[in-house]
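Enquirer: Need a 3D model of the following:
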Amino acid sequence: MEAAIKEYKFDEFECTVVCEPVVAYSLFENDTELGRDKQKKQLSVFKSLENNLIFTSARSFANQVHFQQAHLSPIQRWFPYREGYSTRLVNAFLNELKIKGNVFDPFSGSGTTLLAARHKNLQSFGIDINPISTLVASVENEEYSQQDLIDIVTEKEIIANIRKSSKNYTYSFELADKMFNTEILDAILQLKTHIKNIENSKVQNLFLVAWLSIIEKVSNIKKEGNGIKYKNRKRTSSGYIDIPKENWEKYNLPSEKFLFVKNKILKNINMYLSDIQNNYGLIEKKPQIFNNDCLLFDNLFSDEIQFTFFSPPYCNCFDYFEIHKVELWLGDFVKDKENFKKMRETGFRSNINSVNGKHLNYYNENLENLISLFEKNNLWSNKIPSVVRGYFDDMHTLLRKLYSQTQKDGYVGIVIGNSAYSGVIIPSDIITADIAKEVGFKVKNIFVTRHLTTSSQQKKDLEPLKEYLRESIVLLKK
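Expert: Numbers count the residues shown, from 1 in each chain. So this is what the prediction gives:
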């Protein structure tokens, strides 16, 4: 045990290795015999999956895997990416594992893993299916010359002097009128048109990210839960009430709306410029970033990988395209509904909109035993079993390809959260570990970082097994 504790020191963080899974097994208290039987069957599957695994209590990682301070961190603060981890977390593993070779993130998001690798002068590769994510990651890891900085200042001054236009700007997003004040929508479209005509492509992309990052702030919507909510819809003790859009706008938006939008963008550009000049770090090893399906990464680059670190979308039916649909449409990343649908279906099968009839190649008996416990009448969608099967089918494909391209003694770190449906926990961390063992990896450790919550409807049923609702980092070695 003492040797195991010394194996991972993580100078900045406290982690304690335990031989048994970090779970407190409670007495089963469900009101019915059927409920108790369902819980015992789940526990039997969990014990089977946990066999020979090492677990580490790593609560000091909790605020790093769900990094709520991104808006204060240089570079990371450029775009409000709600589901991300910190560069400190990546650095902890880069340092502890003494990584000197290539780094990869197959779900690169806004580019945190790539940013950490760049700061350590390591070559990195990143892929994301969301074009906004790859744009943000590319802009945050671009090499800006002195001339680029001069151009940024010049273009910033031009925007500062732009006046409101009387021209009508077209858009294809049918919900735009409902989500924006008319004057603000006109201002957004006018400034986007100007930005897309900037000649220096690096500056154009930087300003486009500044533009994208204000969309939610100047709109009548906010990202919340598994979708978008209207700001003029308020929760009260007796339920939700809708405040008329005009009334909400009157009390929440300034009279000078064009100036309001323009100043938001200028504030971001000033912040970006400051970070580039003062906090940008090394750029000798610029990341290679691809807008594509993560399962096709072996077709995009053939370099051997020493360390892969990523967080896939969790198997919780959270749809990231739904969350970013306003920016996707208004930013011209989506041309029509069919294009949007195809984009959703190309990603990892983690939600009902991504289930696209792809053939299943992978079978896991433990997973099927858990799915068999689903009660169809308690599932909010009959597609959920397909989502769960598809998710781990995709995970198997990804891990198999990663094993082939990871160098000997290389590592893979996966930040992943468990989920629950119909009173059944899907323990993604230990199922992923099980798949990794099948393809040839050694499971070095599972760092349990924090515990998650579930819906009030499931809370009572899952009380005896609630410790399995957790977010973990699964560490693999080839």
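
Enquirer: Need the contact partners of the helix or strand in which Ser138 is found.
Expert: Per DSSP states H and E: Ser138 is located in helix 131-140. Residues from elsewhere that reach helix 131-140 (CB atoms under 8 Å, 6 or more residues apart in numbering): 75-76, 78-79, 81, 108-111, 114-115, 126-128, 205-206, 208-209, 212, 287, 289-291, 324, 327-328, 331, 333. Backbone N, C-alpha and C define where each C-beta goes, glycine included.

Enquirer: Which element is encountered next along the chain beyond that helix?
Expert: helix 146-160.

Enquirer: who touches that next one?
Expert: 144, 191, 194, 198, 200, 202-203, 206-207, 262, 265-266, 269-270, 272-273, 276-277.

Enquirer: From the contacts of helix 131-140, which land in helices?
Expert: Judged by DSSP state H, the subset of the contacts of helix 131-140 located in helices is Leu114, Leu115, Asn205, Leu206, Leu208, Val209, Leu212, Glu327, Leu328.

Enquirer: tell me the contacts of the third one?
Expert: In this case it means Asn205. Each residue near Asn205 by CB under 8 Å, 6+ apart is listed here: Leu135, Ser138, Val139, Glu142.

Enquirer: Now do the first one against Gln39, distance only.
Expert: To Gln39, Leu135 is 46 Å away according to CB to CB, to the nearest Å.

Enquirer: The second one too?
Expert: Counting by CB to CB, the gap between Ser138 and Gln39 amounts to 47 Å.

Enquirer: Just the CA atoms of stretch 226-233, as PDB, please.
Expert: C-alpha atoms of stretch 226-233 as PDB (Å, rounded to 0.1, in the frame of the first residue of the first chain):
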ATOM      1  CA  ASN A 226     -29.500  20.200 -21.100                       C
ATOM      2  CA  GLY A 227     -30.500  23.100 -23.300                       C
ATOM      3  CA  ILE A 228     -31.400  26.800 -23.600                       C
ATOM      4  CA  LYS A 229     -33.800  28.700 -21.300                       C
ATOM      5  CA  TYR A 230     -35.400  32.100 -21.900                       C
ATOM      6  CA  LYS A 231     -34.200  34.800 -19.500                       C
ATOM      7  CA  ASN A 232     -37.700  36.300 -19.400                       C
ATOM      8  CA  ARG A 233     -39.100  33.000 -18.000                       C
END
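
Enquirer: List the buried residues for it?
Expert: Across stretch 226-233, burial judged by 16 or more other CB atoms under 10 Å covers Ile228, Tyr230, Lys231, Asn232.

Enquirer: where do the strands sit along the stretch 301-450 of the chain?
Expert: Applying DSSP state E, counting those that start in this stretch to the stretch 301-450 of the chain gives strands spanning 305-310, 406-417, 419-421, 424-426, 442-451.

Enquirer: Quick one, which of the contacts of helix 131-140 are buried?
Expert: Among those, the ones that count as buried by 16+ other CB under 10 Å are 75-76, 78-79, 81, 108-111, 114-115, 126-128, 205-206, 208-209, 212, 287, 289-291, 324, 327-328, 331, 333.

Enquirer: Mean confidence (pLDDT) on stretch 182-202, please.
Expert: Averaging pLDDT along stretch 182-202 gives 97.

Enquirer: tell me, how many neighbours does Asn161 end up with?
Expert: 7 (other CB atoms under 10 Å).

Enquirer: before we move on, what about Ser138?
Expert: Neighbour tally, Ser138, other CB under 10 Å: 23.

Enquirer: Then Pro80?
Expert: 16.

Enquirer: how about it, what does it touch?
Expert: Going by CB under 8 Å, 6+ apart, Pro80 touches Ala70, His71, Ser213, Glu216.

Enquirer: quick check, nearest of those residues to His451?
Expert: Ala70 (21.7 Å; CB to CB).

Enquirer: What is the burial count for that closest one?
Expert: 20.

Enquirer: Ignoring the adjacent residues along the chain, who's closest to it?
Expert: Nearest-residue entry for Ala70: Gln76, 4.6 Å, with adjacent residues in sequence omitted and distances by CB to CB, 6 or more residues apart in numbering.

Enquirer: and if you look at Arg118?
Expert: Arg118's closest residue in space is Asn141 (CB to CB, 6+ apart), at 5.6 Å.

Enquirer: Many thanks, we can stop here.
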